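Undergrad: sharing a model prediction with you, sequence too.
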Amino acid sequence: MDTLERFIRRLPKAELHLHIEGSLEPELMFALAERNGIAIPYASVEDVRAAYAFSNLQDFLDIYYAGAGVLQTEADFRDLAMAYFERAAADGVVHAEIMFDPQTHTDRGIAFGAVIEGLLAAMAEAEARLGITSALIMSFLRHLSEDAAFETLEQAEPWLDRIAAVGLDSSELGHPPGKFARVFAAARAKGLKLTAHAGEEGPPAYVHEALDVLGVDRIDHGNRALEDGALVARLAREGMTLTVCPLSNLKLCVVDDLAAHPLDRMLAAGLRATVNSDDPAYFGGYVADNYRAVAEARGLVRGDLVQLAKNSFTGSFLPPDAVARHLAAIDAVALD
Ligand SMILES: [Zn+2]
């Protein structure tokens with residue numbers, strides 16, 4: 001392991017943009033298919049990986065939803081999340097705010113409780129055994145209706161004290177944030193934080209809507225905000241966190257080459273940008289791989305990496321005392 005790798009892994013960091021279903025590695029997909037007696041359209045792990053070539057978000061989503069089909073029981077969701085936490089611990093993650101897509105499972109007849117209890121069991125074990133704190137972000141699938149999102153919010157009612165935020169993901173183009181204005185207002189009224197994918201493939205107008213119609217606390221991705229100088233200035237002025245996913249942007253052709261990734265321009269513009277892995281099993285890397293890939297492609301220096309790690313805590317839903325503790329831990333590594 002070289003000095004850059006060692007420094008990145010030693011930096012305490014939070015992961016704020018991670019779809020737990022997107023951490024389903026082919027090996028676990030096969031194991032769960034076998035355990036649950038589910039046929040999958042792949043003959044080997046190599047076949048699965050060979051299928052992970054995408055030209056855009058929808059190519060990926062079609063495979064991602066099919067892959068999630070092997071997840072059936074509470075134990076499956078626990079095993080999925082525990083595998084992620086083991087990888088995250090190796091990357092120096094000490095806090096993770098993980099997104100889950102309940103509709104992907106409840107629409108297959110899986111009980112909402114099986115999904116969330118499995119995730120909560122892994123979160124408790126990760127904190128006890130790995131020292132990783134975590135929080136849940138319940139995502140609404142934007143290709144479905146707002147009424148469907150309201151049904152999911154209702155199903156979540158018994159567990160609302162265990163859910164930190166609601167999110168908005170899936171096919172962005174054609175499904176602007178404003179489509180979910182009422183359900184996001186209802187979630188806010190229940191005390192939940194709000195985040196939304198915006199500006200991954202959608203135009204800057206979608207980022208405006210996420211800010212002004214949904215009233216989000218964070219923007220997931222946000223890349224295309226850079227097309228609107230006034231919007232960039234506003235995001236910087238308001239300290240809005242962007243949960244950027246470099247390897248995802250590369251694999252989904254949001255950028256043609258990491259050498260063109262805008263992360264350093266985001267930092268230079270004063271944006272609170274963070275680095276995350278999005279769907280690491282599908283996009284070829286977990287969070288440390290993302291830090292390293294974008295650092296090498298854009299010539300980031302240690303000070304940039306320290307800033308990204310600090311942004312991951314100041315942009316998190318952690319209480320101020322926990323944020324301060326993590327910032328001090330970063331300084332200790334940076335000055336070591
Ligand atoms: Zn995402």
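TA: Ah, there it is.

Undergrad: and the nearest residue to T73 once chain neighbours are set aside, what does it touch?
TA: Closest residue to T73 apart from its sequence neighbours, by C-beta to C-beta, 6 or more residues apart in numbering: A114 at 6.2 Å. No exception for glycine: its C-beta is placed from N, CA and C like everyone else's. A114 makes contact with T73, E74, F77, H105, according to C-beta atoms under 8 Å, 6 or more residues apart in numbering.

Undergrad: before we move on, what about V48?
TA: By C-beta under 8 Å, 6+ apart, the neighbours of V48 are P26, M29, F30, Y42, G67.

Undergrad: quickly find the element holding it.
TA: According to DSSP states H and E, V48 maps onto helix 45-51.

Undergrad: can I get that helix in CSV, CA atoms only?
TA: Taking Å, rounded to 0.1, in the frame of the first residue of the first chain, the C-alpha atoms of helix 45-51 are listed here in CSV:
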residue,chain,number,x,y,z
VAL,A,45,-19.6,-14.2,-11.1
GLU,A,46,-17.5,-13.2,-14.1
ASP,A,47,-20.7,-13.1,-16.2
VAL,A,48,-22.3,-10.7,-13.7
ARG,A,49,-19.3,-8.4,-13.7
ALA,A,50,-19.2,-8.5,-17.5
ALA,A,51,-22.8,-7.3,-17.5
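
Undergrad: specify the local secondary structure of E200.
TA: coil (DSSP: H, G, I helix; E, B strand; the rest coil).

Undergrad: can you give me the pLDDT of E46?
TA: We have a pLDDT of 90 for E46.

Undergrad: E97 too?
TA: 99.

Undergrad: the residue nearest to it when sequence neighbours are not counted: which element?
TA: Spatially, and ignoring its direct neighbours in sequence, E97 is nearest to A135 (4.6 Å; C-beta to C-beta, 6+ apart). Take DSSP H and E as the rule and A135 turns out to sit in strand 133-141.

Undergrad: buried set for the helix or strand containing the residue nearest to T73?
TA: Element membership of A114 [criterion: DSSP H and E] is helix 112-125. Neighbour-count burial for helix 112-125, counted by 16 or more other C-beta atoms under 10 Å, picks out F112, A114, V115, I116, E117, G118, L119, L120, A121, A122, M123.

Undergrad: which one of these is nearest H326?
TA: M123 (17.7 Å; C-beta to C-beta).

Undergrad: buried stuff in stretch 241-260?
TA: For stretch 241-260, by 16+ other C-beta under 10 Å, it's 241-252, 254-255, 258.

Undergrad: now go through those and say which are in helices.
TA: Using DSSP state H, the subset of these located in helices is P246, L247, S248, N249, L250, K251.

Undergrad: need the pLDDT of the residue nearest to the fifth one when sequence neighbours are not counted.
TA: Taking C-beta to C-beta, 6+ apart as the measure, L250 lies nearest to L258, with 5.5 Å between them; neighbours along the chain are not counted. L258 carries a pLDDT score of 97 in this model.

Undergrad: and L258, what is it in contact with?
TA: Per C-beta under 8 Å, 6+ apart, neighbours of L258: P246, L247, L250, A293, V294, A297, R298.

Undergrad: got JSON lines for the residues you listed, with pLDDT too?
TA: Below are those laid out as JSON lines (pLDDT from 0 to 100):
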{"residue": "P246", "pLDDT": "98"}
{"residue": "L247", "pLDDT": "98"}
{"residue": "L250", "pLDDT": "96"}
{"residue": "A293", "pLDDT": "98"}
{"residue": "V294", "pLDDT": "98"}
{"residue": "A297", "pLDDT": "98"}
{"residue": "R298", "pLDDT": "98"}
